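Chemist: only geometry, no sequence info:
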């Protein structure tokens, strides 16, 4: 089982450039998430999706965009990269029967380390 | 501000010693989860605690959920170098309507041989 696959693993961007972080899951999970992780700060939610065609902002959405055209894919788009976006980005997925149903835990990808210079 | 406060931030111990990591909040949670993250990898779910006062054991790891469901602890007995990692607690906040997890900042545990 591949689980959650993120590409690329590493990337260096120049200020003002754009890029897309790819995320694919093969577990038929309905919920997907993007987090960023900075030292000593834990995981901060950027965007999330509760199903194909449905996305919403998390705690730190500024400078990012997402789309969810299929159940499997949830790409994260960075427009006009800034040094403040230097971070490690994690995609995760989970399955929920309904909005208030039990939380069975998240499956995370192995992350993308992004440096903006 | 963090909804979930973890302490200590960093813990370095010798192999064979015991350690406890804490996760505290002023909010009540329907459940809390613990994850372990190793360098270069994403977090991996260790356990979910649901009932106040619940104790779960996973080999040498013991997880406890506070009676009031506001706090949790992770105790490792006879730590081994393989226990090294970042331990994260996570829960769904009381005002969240979509069941999204919020994470604590984590406790970095280093076990030296």
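Modeler: The structure has been received and is ready for your questions. Predicted, not measured: the structure shown is a model, and the values here were computed from it.
Chemist: who touches the residue most central in space within chain A in this structure?
Modeler: Geometric centre of chain A, nearest residue: residue A:34, 2.4 Å, by CA atoms, centre = their mean. By CB atoms under 8 Å, 6 or more residues apart in numbering or on different chains, the contact set of residue A:34 is A:21, A:23, A:45-48, A:58, A:64, A:66, A:74, A:76, A:89-92. C-betas here are computed from N, CA, C, even on glycine.
Chemist: Kindly report the residues of chain B close to chain A.
Modeler: For chain B, the residues in contact with chain A (CB under 8 Å from any CB of the partner chain) are B:2, B:9, B:31, B:33, B:35, B:40-45, B:48, B:88, B:92, B:97-106.
Chemist: Tell me, how many residues neighbour the residue in chain B that chain A sits nearest to?
Modeler: Across chain B, no residue is closer to chain A than residue B:42, which sits at 2.9 Å (CB to the nearest CB). Taking other CB atoms under 10 Å in any protein chain shown as the criterion, the count of residues near residue B:42 is 23.
Chemist: What's opposite the closest residue to it other than its chain neighbours in the beta bridge?
Modeler: Spatial nearest neighbour of residue B:42, excluding adjacent residues (CB to CB, 6 or more residues apart in numbering or on different chains): residue A:108 at 2.9 Å. Assessed by DSSP bridges, residue A:108 has beta-bridge partners residue A:92.
Chemist: swap in residue B:21?
Modeler: In this structure, residue B:21 has the following beta-bridge partners (DSSP bridges): residue B:74.
Chemist: Distance of it relative to residue B:82?
Modeler: Residue B:21 sits 16 Å away from residue B:82 when distances are taken as CB to CB, to the nearest Å.
Chemist: which one of the two has more residues nearby?
Modeler: Just comparing residue B:21 and residue B:82: by other CB under 10 Å the higher neighbour count belongs to residue B:21, 23 against 9.
Chemist: circling back: list the contacts of the residue of chain B closest to chain A.
Modeler: Each residue near residue B:42 by CB under 8 Å, 6+ apart is listed here: A:4, A:90, A:92, A:108, A:109, A:110, A:111.
Chemist: Paired strands for the longest strand along chain B, with orientation please.
Modeler: Ranked by residue count, the top strand of chain B under DSSP state E comes out as strand B:85-92. Taking DSSP bridges as the criterion, strand B:85-92 pairs within the sheet with strand B:32-37 (antiparallel), strand B:101-103 (antiparallel), strand B:107-112 (antiparallel).
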